[in-house]
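[1] Got a sequence here, can you model it:
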Amino acid sequence: MRISLLVQGSPHSSDACRQALQFAKAVIEENHELLRVFFYKDAALIANRNFQVPTDEWNVQDAWQDFARQNNLRLEVCVGAAQRRGVEAPSTESDAKVGFEIVGLGQFAEAAMASDRLVTFN
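    A predicted model of the protein is given here:
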């Protein structure tokens, strides 16, 4: 089964990013295809290159990056949502947060059409 995720909740004030990551891991463990992960609305904050959490707290951004690297997965962030929240597209490769890519809504529409299931996390 081809599954895409739409994550909308803030990584700072909701559990959406954490729950989506747990679900994504389960998708892979069950041998389904995780086609796309799309961060929209406040979830776009996860791609902020200045994302910080206290050292004694779990870092959801790092966890998503690790998961993306391990599974050769692209993490797509809506360009409009990112711009409205001050998250800029990387100007250089070294400036980019590994695994996050700023894309348009067309990428999300394409994923929705190509997926058997679209799961949303608010």
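
[2] Walking through the protein, point out its strands one by one.
    Ranges of strands within the chain are 2-7, 33-39, 75-78, 100-103, 117-121, based on DSSP state E.

[3] Give the other helices and strands that the lowest-mean-pLDDT helix or strand in the chain contacts.
    Least confident helix or strand of the chain, by mean pLDDT, DSSP states H and E, is strand 100-103 with a mean of 92. The contact analysis (3 or more Cβ pairs under 8 Å, 6 or more residues apart in numbering; DSSP states H and E) places strand 100-103 against strand 75-78, helix 79-84. Placement of C-beta: from N, CA and C, glycine included.

[4] go again using 6 Å as the cut-off
    Counting contacts by 3 or more Cβ pairs under 6 Å, 6 or more residues apart in numbering; DSSP states H and E, strand 100-103 is packed against strand 75-78.

[5] Please identify the pairing partners of the strand it packs on and their relative orientation?
    Counting by DSSP bridges, the strands paired with strand 75-78 are strand 33-39 (parallel), strand 100-103 (parallel).

[6] Just the helices from the protein, written as ranges.
    16-29, 60-70, 79-84, 105-114 (DSSP state H).

[7] Turn the strands paired with strand 75-78 into a markdown table, including distance to E110 and mean neighbour count.
    Compiled in a markdown table, the strands paired with strand 75-78 are given as follows (distance: least, Cβ to Cβ, whole Å; neighbours: other Cβ atoms under 10 Å):
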| stretch | distance to E110 | mean neighbour count |
| --- | --- | --- |
| strand 33-39 | 8 | 23 |
| strand 100-103 | 10 | 21 |
